[in-house]
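In: With the input below, show me the fold.
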Amino acid sequence: MNFRKIGVIGAGTMGQSIAEMLAYKGMDVFLMELTPAKLEQGLRSIEISLDKQIEKWALTQAEKKLILNRIHGVSDMSDFSQCELIIETITEDLERKKAIIAAADRACPPDVILASNTSTLSLTELASAAAHPERVIGMHFVYPVFKVDLVEIVRGLRTSDATFKSTKGFVEQVIDKKGVMVFESPGFITTRLICLFINEALHILEEGVASVDDIDSAMRIGYSFQHGPFEMADRFGLDSVHAALESMFREYGELKYRPSFILKKMVRGGQLGVKSGAGFFTYDEDGDRV
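Out: Numbers count the residues shown, from 1 in each chain. Modelled structure (predicted):
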């Protein structure tokens, strides 16, 4: 399949990052949001991200203009009629995602692939909302999408071989990332392992074994992590980490997935990490640590 036009549903952090990467790779991206205000905010955030890359000499003004010209804000599923692939990136809400999948399934021709960026929800259950469940597949990107060359390709119970083959080709040949095949399981590989890592760091903090700074330093220096577990959590969004752990706790029923009390308290207090300006660390409006 000749992937030239891609639809992205959701202009939040992941939607922005995916749209930016696809446009950089030369594709026309149709970015959809619930309201014009949210769409405008998402497009503005993409422009800010590109400006940061220009400041670091990673991008030119001409390249920025080309990328922005390839991203088109849309407000209706009918605007995806010419797309070969649709990627939904909304928050981890099963019913909302099912509604999106059902609407996209009705609006798009049967050969269009419907991909979900979910990290914890059942692809089989999401696909049950579609009249053509064989074309529904998981494409779990890891943030920041531009820098991380990995996509988990997740098959639901009824995902067809043709859908999987086309998706794998898109990931590895079109956007030049490594695709790993995952059979449906809550958390897949990356979310399951990284959330347990973060949760265990929180338990170490609860027990008074070490401070936030020292735990992060130990993993960053001792094991060559780019970020320690607490800075990772801040960048993922503490609410996202909490939601992923809660989902896996419900699905697996094992205590190791039960979110730390510290994590619950911070989410309830609105300290969500980079997105709110404060989490375990403090951040400026550009998302840099203060």
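In: which stretches of the stretch 51-200 of the chain form strands?
Out: In the stretch 51-200 of the chain, the segments counted as strands under DSSP state E, counting those that start in this stretch are 71-74, 85-88, 113-116, 136-141, 150-155, 178-183.
In: Comparing those, which comes out most buried?
Out: strand 113-116 (a mean of 27; mean count of other C-beta atoms under 10 Å). Yep, even glycine has a C-beta here, placed from its N, CA and C like the rest.
In: Using PDB, write out every CA atom in that strand.
Out: Extracted C-alpha coordinates of strand 113-116, given in PDB (Å, rounded to 0.1, in the frame of the first residue of the first chain):
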ATOM      1  CA  ILE A 113      -6.200   0.400   8.300                       C
ATOM      2  CA  LEU A 114      -7.500   1.600  11.700                       C
ATOM      3  CA  ALA A 115      -4.700   1.700  14.200                       C
ATOM      4  CA  SER A 116      -4.900   2.500  17.900                       C
END
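In: ok, residue 192 to residue 73 distance?
Out: With distances taken as C-beta to C-beta, to the nearest Å, residue 192 is found 34 Å from residue 73.
In: was I right about residue 218 contacting residue 212?
Out: No: counting by C-beta atoms under 8 Å, residue 218 does not reach residue 212; the two are 11.1 Å apart.
In: Run through the helices of the chain in chain order.
Out: Residue ranges of the helices in the chain, as given by DSSP state H, are 13-24, 36-55, 61-70, 94-107, 123-127, 161-169, 190-206, 212-223, 229-236, 238-252, 261-268.
In: Would you mind giving the orientation angle of the first one with respect to helix 238-252?
Out: Just to be clear, that refers to helix 13-24. Inter-element angle recorded for helix 13-24 and helix 238-252: 100 degrees (by axes from the mean of the first three to the mean of the last three C-alpha atoms, to 10 degrees).
In: Residues contacting helix 13-24, please?
Out: 6, 8-9, 11, 29, 31, 33, 42, 45-46, 49-50, 63, 66-68, 70-71, 87, 89-90, 117, 141, 143-146, 175, 237, 275 (C-beta atoms under 8 Å, 6 or more residues apart in numbering).
In: Show me which of those residues are buried.
Out: For the contacts of helix 13-24, a burial check counting by 16 or more other C-beta atoms under 10 Å picks out 6, 8-9, 11, 29, 31, 33, 42, 45-46, 49-50, 67, 70-71, 87, 89-90, 117, 141, 143, 145, 175, 237, 275.
In: With distance to residue 265 and mean pLDDT as extra columns, can I get the strands of the stretch 51-200 of the chain in TSV?
Out: Formatted as TSV, these follow (distance: least, C-beta to C-beta, whole Å; pLDDT from 0 to 100):
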stretch	distance to residue 265	mean pLDDT
strand 71-74	37	96
strand 85-88	31	98
strand 113-116	30	98
strand 136-141	28	97
strand 150-155	30	97
strand 178-183	32	95
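In: To residue 283, which of those strands lies closest?
Out: With distances scored as C-beta to C-beta, the stretch of the strands of the stretch 51-200 of the chain nearest to residue 283 is strand 136-141 (22.1 Å).
In: Now do that closest one against helix 161-169, angle only.
Out: Using the same axes, to 10 degrees, strand 136-141 lies at 20 degrees relative to helix 161-169.
In: Within the sheet, what are the partner strands of strand 136-141, with directions?
Out: Using DSSP bridges, strand 136-141 pairs in its sheet with strand 113-116 (parallel), strand 150-155 (antiparallel).
In: Distance to residue 199 added to those strands, as CSV?
Out: Formatted as CSV, these follow (distance: least, C-beta to C-beta, whole Å):
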stretch, distance to residue 199
strand 113-116, 24
strand 150-155, 20
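In: out of these, which comes closest to residue 171?
Out: Residue 171 lies closest to strand 150-155 among those, at 4.8 Å (C-beta to C-beta).
In: Break this structure into its domains for me.
Out: 5-183, 190-276 (automatic domain parsing).
In: between these, which one is nearest to residue 285?
Out: That would be domain 5-183 among the domains of the chain, by C-beta to C-beta, at 9.1 Å.
In: and that closest one, how far out from the chain's middle?
Out: 9 Å (C-alpha atoms, centre = their mean, to the nearest Å).
In: Okay, now the unreliable bits of the chain?
Out: By pLDDT under 70, the weakly predicted segments of the chain are 1.
In: if you set the cut-off to 80 instead, what comes out?
Out: Low-confidence segments of the chain (pLDDT under 80): 1, 286.
In: So residue 212 versus residue 196, what's the distance?
Out: Residue 212 is 18 Å from residue 196, where distance means C-beta to C-beta.
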